[in-house]
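S.K.: need coordinates for the following:
(chains A and B)
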There are 2 protein chains.
Amino acid sequence: MPDDLDNLTESIPTPFLMVDEAIAEKNIRRIQDYADRNGFAVRPHIKTHKSLRLTRMQLSAGAVGVSVAKVGEAEVMAAIDGLDILVAYPAVGAARADALARLAASHNIRVAVDTTYLIDQLAHAISEHDTTIGILVMFDAGLHRCGVSDPESLTRLAEYAAGRKGLRYDGVQIYLGHLYGDAANSAESFETVNRLWEPAYEALVKAGFKPTLVSSGSTPSIFNSHRVRHVNEIRVGTAVYQDYFSLKFGHCTLEECAARVVVTVVSDVVPGQVIIDAGAKALSAKQLLRSEALEMGFIPEYPEARIFRLHEEHGWVDVSRCKQPPRIGQRLSIVPVAVSHCVNQYDDFYLLTKNGTLEKERVDARGCYV
Amino acid sequence: MPDDLDNLTESIPTPFLMVDEAIAEKNIRRIQDYADRNGFAVRPHIKTHKSLRLTRMQLSAGAVGVSVAKVGEAEVMAAIDGLDILVAYPAVGAARADALARLAASHNIRVAVDTTYLIDQLAHAISEHDTTIGILVMFDAGLHRCGVSDPESLTRLAEYAAGRKGLRYDGVQIYLGHLYGDAANSAESFETVNRLWEPAYEALVKAGFKPTLVSSGSTPSIFNSHRVRHVNEIRVGTAVYQDYFSLKFGHCTLEECAARVVVTVVSDVVPGQVIIDAGAKALSAKQLLRSEALEMGFIPEYPEARIFRLHEEHGWVDVSRCKQPPRIGQRLSIVPVAVSHCVNQYDDFYLLTKNGTLEKERVDARGCYV
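M.R.: Below you'll find the predicted structure:
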């Protein structure tokens, strides 16, 4: 990230989102190298950048396709010819099933499922089309959000999907969202996952549903994906940009944080405090509770400062510990707490290219909640 | 709000934002009636609805103009001919000042200021235009966010603004954001405000800067605005829609909550829990900490249910206390915790008109952070 924020960005009114291309590229390369070493495919989750340009960077680096959460995101990404798309989300609802069936005419579409209800909806929608939708059954590895963890239920879902015309049983989706902080690196965490997962895998194999694809993901534990048995694909979202959550929990360094919100100090009349022109609307309302205090972002130029409260358009910064506090009118940059949330607040972002120029880019899939 | 959510909304994929026109109109009417009784002007803050259509409803009811936080919001609202606009925010930055000076050619523009730095920027920008910008000096009534509270500083700001060519000293802006819950209704709160404010007001008068306008605002205490001396205008944002924060703190009834996010249950495999297709991206990440538990919205159809966690696209709902828990595929409606944040997540919303039809409307000023 550049030292001279004021000069570089003066033509762009604040607040705005800036992404450092060189850092993002390095993050993408690191993930791909790890996957290559372990014989994994990489399927980035576009929920973080929501950008066709970043997706193309990831594909150039070797990604086999993308993951999306929402069907609207799939539709935006489908602008890339032949893109292989996994909807890593239970896409329940007739409108979603119909949209996916239409997309399946031109793209390889897979959907993660954890209910026969969803399988039925997808089968119904695809029946009017001369193509197939691939199915991954969702295995709950301990997060207890979606998915089933007992071998019988998992096998039953696989069997149910495999039996439906127009659907294609492709394998299993695992999500390790419960492993962060120390748990993302402890041998015990992965033993627990494998103790659950191994019998489920074996039951699938025994029943004739050996998964072609075992797709696992989650940023904090991403470089430990090889510890989960039978995995052959990794999904990763946040790691492309990283954020203050990742940084605080030890999952990245500051040098790996690619996205910042550039802001201006707009008020400095309260002693020991400044107000910046980015609140919960421009940064997202995500906050981080660490030991004694809440934080809503990190200001690399002022590591002693603390963003301690966000109103809608006001960011409250405690600068009482700064030797030379920021002055009114000065620009600061903020590493957001949760970058995927923050990016979604913006219609556009500015890519700081490797040439040092700032290029305005769309957040193509912003607001795609359907 | 309608009973038969499924039938009414089945043509619209979830999640989406729905606003009940009749409720919003009643809320607008109630505020206007209160203001009329007290001889106040009403200047709605558009940050909540960010919609030209809702602004026109408020103007029809008697509003004298609007408040905005950001210049981008002012630019969007300026589509309404002759609209009187208060930028109730320290609009620091050359780009902001230039944009406001341009707007001042066609609209009466006022800006709230708390530094001479901002006054200088506005004076510089307006010097190239043959018009004026009105100035409100920000009085800090106890929130300690922006504004000055000592009589000398306030008078100095007024004097500084009045002395600059192209600027017009119009009065004072007060914001009562620190008064919510019991404090929004206690006589003591307002005595404290007046104890601070009265000497500041008198100092202004004595120095020849009697404010023409004394604009106060904040939803929780809005119907107590008459308790603050010399107020002659009220600004109000959230109260047009209300939300779960207002409801929980006793500032409104459920019948006054005009905005809901309509969602679908997409997973029900974990016992006692369902997952809905709206997470922190579709609801905003705002959460409410009340007594023992966090909550991220309220489901009127299932008052025993609790939205206890939001991932990006997953809402986690504890339904263990529901006699008949919602089923997979079923639609639910959610009163969001912080409606102004929630609305800003959407490019569009659906207005449930008084005729019972759903009309798609733009959130015109969404994402206007500059």
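S.K.: what are the structural domain limits within chain A?
M.R.: Segmentation of chain A into domains, based on automatic domain parsing, reads A:5-18+A:245-362, A:40-239.
S.K.: save these as CSV, and put in distance to A:Y369 too.
M.R.: Where C-beta positions appear, they are placed from N, C-alpha and C, glycine not excepted. Converted to CSV, these look like this (distance: least, CB to CB, whole Å):
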stretch, distance to A:Y369
domain A:5-18+A:245-362, 9
domain A:40-239, 6
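S.K.: dump stretch A:326-334 to CSV, restricted to CA.
M.R.: Output of stretch A:326-334 as CSV, limited to C-alpha atoms (Å, rounded to 0.1, in the frame of the first residue of the first chain):
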residue,chain,number,x,y,z
PRO,A,326,-4.6,13.0,12.5
ARG,A,327,-5.8,16.5,11.6
ILE,A,328,-9.1,17.6,10.1
GLY,A,329,-9.2,17.2,6.3
GLN,A,330,-6.5,14.5,6.4
ARG,A,331,-7.0,11.1,4.7
LEU,A,332,-6.6,7.8,6.4
SER,A,333,-7.0,4.3,5.2
ILE,A,334,-8.8,1.6,7.0
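S.K.: quick revisit: export the domains of chain A as JSON lines, with columns for distance to chain B and mean pLDDT.
M.R.: Shown next, in JSON lines, are these (distance: least, CB to the nearest CB, whole Å; pLDDT from 0 to 100):
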{"stretch": "domain A:5-18+A:245-362", "distance to chain B": "4", "mean pLDDT": "95"}
{"stretch": "domain A:40-239", "distance to chain B": "4", "mean pLDDT": "97"}
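S.K.: so what does the residue lying closest to A:R227 once chain neighbours are set aside have for phi and psi?
M.R.: Ranked by CB to CB, 6 or more residues apart in numbering or on different chains and with sequence neighbours excluded, the top spatial neighbour of A:R227 is A:F190, at 3.9 Å. When read as degrees, to the nearest 10, the backbone of A:F190 gives phi -80, psi -30.
S.K.: hang on, the earlier thing: out of the domains of chain A, flag the one nearest B:N108.
M.R.: Among the domains of chain A, domain A:5-18+A:245-362 comes nearest to B:N108, with 21.9 Å by CB to CB.
S.K.: stretch A:31-49 spans what distance, first to last residue?
M.R.: 16 Å (CA to CA, to the nearest Å).
S.K.: need the contact partners of stretch A:70-83.
M.R.: Residues outside stretch A:70-83 that contact it (CB atoms under 8 Å, 6 or more residues apart in numbering or on different chains): A:46-47, A:50, A:52, A:55-56, A:59, A:65-66, A:68, A:85, A:87, A:89, A:91, A:95-96, A:99-100, A:103, A:106-107, A:109, A:364-365, A:368-370, B:313.
S.K.: now, of those residues, which are buried?
M.R.: A:46-47, A:50, A:52, A:55, A:59, A:65-66, A:68, A:85, A:87, A:89, A:91, A:95-96, A:99-100, A:103, A:107, A:109, A:364-365, A:368-370, B:313 (16 or more other CB atoms under 10 Å in any protein chain shown).
S.K.: among those residues, which are in strands?
M.R.: Using DSSP state E, the members of the buried ones among the contacts of stretch A:70-83 that fall in strands are A:V66, A:V68, A:I85, A:V87, A:I109.
S.K.: who does the first one bridge with?
M.R.: Beta-bridge partners of A:V66, counted by DSSP bridges, are A:I85.
S.K.: could you verify my assumption that it touches A:H107?
M.R.: No. At 10.2 Å, A:V66 does not count as touching A:H107 under the criterion of CB atoms under 8 Å.
S.K.: any shared contact partners between those two?
M.R.: Contacts common to A:V66 and A:H107, judged by CB under 8 Å, 6+ apart, are A:L83, A:D84, A:I85.
S.K.: A:G62: how many residues sit nearby?
M.R.: Using other CB atoms under 10 Å in any protein chain shown, A:G62 has 15 other residues around it.
S.K.: excluding covalently adjacent residues, which one is nearest to it?
M.R.: A:Q32 (4.8 Å).
S.K.: would you agree the one you found falls within a strand?
M.R.: No. Using DSSP: H, G, I helix; E, B strand; the rest coil, the assignment for A:Q32 is helix, not a strand.
S.K.: count the residues that sit near it.
M.R.: Residues lying near A:Q32 (other CB under 10 Å) number 20.
S.K.: A:C257 too?
M.R.: 24.
S.K.: show me the contacts for it.
M.R.: So A:C257 contacts A:I23, A:Y241, A:Q242, A:D243, A:Y244, A:S246, A:L247, A:V335 (CB under 8 Å, 6+ apart).
S.K.: in helices only, show me those.
M.R.: If you go by DSSP state H, the contacts of A:C257 have A:I23, A:Y244, A:S246, A:L247 in helices.
S.K.: ok, A:E75 to A:D170 distance?
M.R.: Distance from A:E75 to A:D170, counting by CB to CB, to the nearest Å: 21 Å.
S.K.: ugh, wrong one, A:V266
M.R.: 52 Å.
S.K.: these two - which one has more neighbours?
M.R.: Set side by side, A:V266 and A:D170 show more neighbours around A:V266, with 27 against 23, by other CB under 10 Å.
S.K.: what sits against that one?
M.R.: A:I275, A:I276, A:D277, A:I328, B:Y89, B:P90, B:A91, B:V92, B:G93, B:L118, B:C146.
S.K.: want to try TSV for those residues, with distance to B:Q287 as columns?
M.R.: Shown next, in TSV, are these (distance: CB to CB, whole Å):
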residue	distance to B:Q287
A:I275	23
A:I276	22
A:D277	24
A:I328	32
B:Y89	25
B:P90	28
B:A91	30
B:V92	30
B:G93	31
B:L118	33
B:C146	25
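S.K.: closest one of the residues you listed to B:N224?
M.R.: Distances from B:N224 to the contacts of A:V266, taken by CB to CB, are shortest for B:C146, at 21.5 Å.
S.K.: quick check: closest non-adjacent residue to the closest one.
M.R.: Per CB to CB, 6+ apart, closest to B:C146 is A:S267, 4.5 Å.
S.K.: host element of the closest residue to A:L213 other than its chain neighbours?
M.R.: Once flanking residues are discounted, A:L213 sits nearest to A:G171: 3.5 Å by CB to CB, 6+ apart. Taking DSSP states H and E as the definition, one finds A:G171 inside strand A:167-174.
S.K.: just checking: what are the partner strands of that strand?
M.R.: strand A:133-139 (parallel), strand A:213-217 (parallel).
S.K.: now do it: distance to the chain's middle.
M.R.: Centroid separation for strand A:167-174 versus its chain: 21 Å, with CA atoms, centre = their mean, to the nearest Å.
S.K.: okay, now A:D268: neighbour count?
M.R.: 24.
S.K.: ok, it - contacts?
M.R.: By CB under 8 Å, 6+ apart, A:D268 lies in contact with A:V274, A:I275, A:P325, A:P326, A:R327, A:I328, B:T115.
S.K.: wait, doesn't A:H124 sit right on A:A97?
M.R.: Yes. At 6.8 Å, A:H124 and A:A97 qualify as touching, with contact defined as CB under 8 Å.
S.K.: contacts only, for A:G279.
M.R.: A:G279 makes contact with A:L310, A:H311, A:E312, A:E313, A:H314, A:G315 under the criterion CB under 8 Å, 6+ apart.
S.K.: and the first one, how far from A:A282?
M.R.: Taking CB to CB as the measure, A:L310 and A:A282 are separated by 9 Å.
S.K.: what's the answer for the fourth one, then?
M.R.: Here A:E313 is placed at a distance of 7 Å from A:A282 (CB to CB).
S.K.: quick one: residues contacting the spatially closest residue to A:R110 that is not a sequence neighbour.
M.R.: Leaving aside its sequence neighbours, A:R110 sits nearest to A:G134 (CB to CB, 6+ apart; 3.7 Å). Neighbour list for A:G134: A:N108, A:I109, A:R110, A:V111, A:L167, A:R168, A:Y169, A:D170 [criterion: CB under 8 Å, 6+ apart].
S.K.: cool, A:E304 as well?
M.R.: Contact analysis of A:E304 by CB under 8 Å, 6+ apart lists A:V319, A:R321, A:C322, A:K323.
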